[in-house]
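Enquirer: okay, sequence plus prediction incoming.
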Amino acid sequence: MSSTTRGDNPENTICVSSSTLVTTQRDVVTPSVTTESATEPKTRTVPLRADHVDEWIDQLANTLATTTLREIHGVLKRAIRQAQARDMVLRNVAELVTTPTGTDGRPSRALTRQEAEAVLKAAEFSELHAYVVLSLTTGVRTEEARALRWDHVVAWIPSLKTWHPVTEVGFQHKKFAIYVWRADREGGDTKTRKSRRTLELPKLAARALRQHHTRQAILKLKVGEAWQDHNLVFCTSVGTPLDASNVRRPSARSPNERGSEPPGAPGNYVTRSSPS
């Protein structure tokens, strides 16, 4: 595992595997670099100036979104920084250039209230019902939901003025929250340090988790010794961690089986107006 940053903001530190980082950055940068170089006739090498970087990235701004431009600019700055460290260049001219504003990004894929209610209704009898409810009402990322443990589902105890895991105090309380401290990512960390957060649950989500906890307890008894206890809220039928394909699989059924298909990527449910 290696820790790296997106852009130059240390607050945006993410933990990813080296292979994942290389693949992601290559996918972003290679089309822009190879397209430009392939159309240019072979000429003698000239020292790279800030004007060259400025003109190049301004051309890219006509077709690429601002986020992608920042990615490409960041890769260039880091590459020249490596050359500086090896005394191959005197200064980093890419640092002297401001990333321009690119084209508008893709339209929001967030669900409307009506779409969210349709998804909830369609998922009512699904094994992922609680997962869908939690995602819609709290906005947790799919990798955060998959990594959620029961000891991070907590109830507020008024007499003690503190939160306690439902595994210790049960669900016979009025106020619940989840600790979003982990994610199904390399190293188990959330996407950024700021992503670590505590989210109070709306009644709809608390009720769904309570029902899900009961069903899971029944499943444990039925499976017996085959159950592998990872203390996960959302897991397979034998207790093992879910992966992205496990979440997508129910979304891949026919429309008649699903009843309603949410827009956007399967497994990611974000709403502009969460139902109460």
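Expert: Received it, and whenever you're ready, just let me know what you need.

Enquirer: for this structure, what spans make up the helices?
Expert: Remark: helices assigned in the chain by DSSP state H are 18-39, 50-60, 66-85, 113-122, 129-138, 142-147, 166-169, 203-223, 244-251, 255-258.

Enquirer: gap between the fifth one and the chain center?
Expert: The chain centroid and the centroid of helix 129-138 are separated by 15 Å under C-alpha atoms, centre = their mean, to the nearest Å.

Enquirer: what angle do it and helix 113-122 make?
Expert: 160 degrees (axes from the mean of the first three to the mean of the last three C-alpha atoms, to 10 degrees).

Enquirer: C-alpha coordinates for helix 129-138, PDB please?
Expert: Below are the C-alpha coordinates for helix 129-138, written out as PDB (Å, rounded to 0.1, in the frame of the first residue of the first chain):
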ATOM      1  CA  HIS A 129     -33.100  -3.400   1.300                       C
ATOM      2  CA  ALA A 130     -31.300  -2.100   4.300                       C
ATOM      3  CA  TYR A 131     -28.200  -1.300   2.200                       C
ATOM      4  CA  VAL A 132     -30.300   0.700  -0.200                       C
ATOM      5  CA  VAL A 133     -32.200   2.600   2.600                       C
ATOM      6  CA  LEU A 134     -28.900   3.400   4.400                       C
ATOM      7  CA  SER A 135     -27.300   4.600   1.200                       C
ATOM      8  CA  LEU A 136     -30.200   6.800   0.200                       C
ATOM      9  CA  THR A 137     -30.800   8.400   3.600                       C
ATOM     10  CA  THR A 138     -27.200   9.000   4.700                       C
END
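
Enquirer: right, so of the helices of the chain, which gets closest to residue 96?
Expert: Judged by C-beta to C-beta, the one of the helices of the chain that comes nearest to residue 96 is helix 50-60, at 4.3 Å. Any C-beta I mention is one placed from the backbone N, CA and C, and that applies to glycine too.

Enquirer: skipping adjacent residues, who's closest to residue 90 in space?
Expert: Spatial nearest neighbour of residue 90, excluding adjacent residues (C-beta to C-beta, 6 or more residues apart in numbering): residue 84 at 7.7 Å.

Enquirer: can you pull the pLDDT of the one you found?
Expert: Per-residue confidence (pLDDT) for residue 84: 91.
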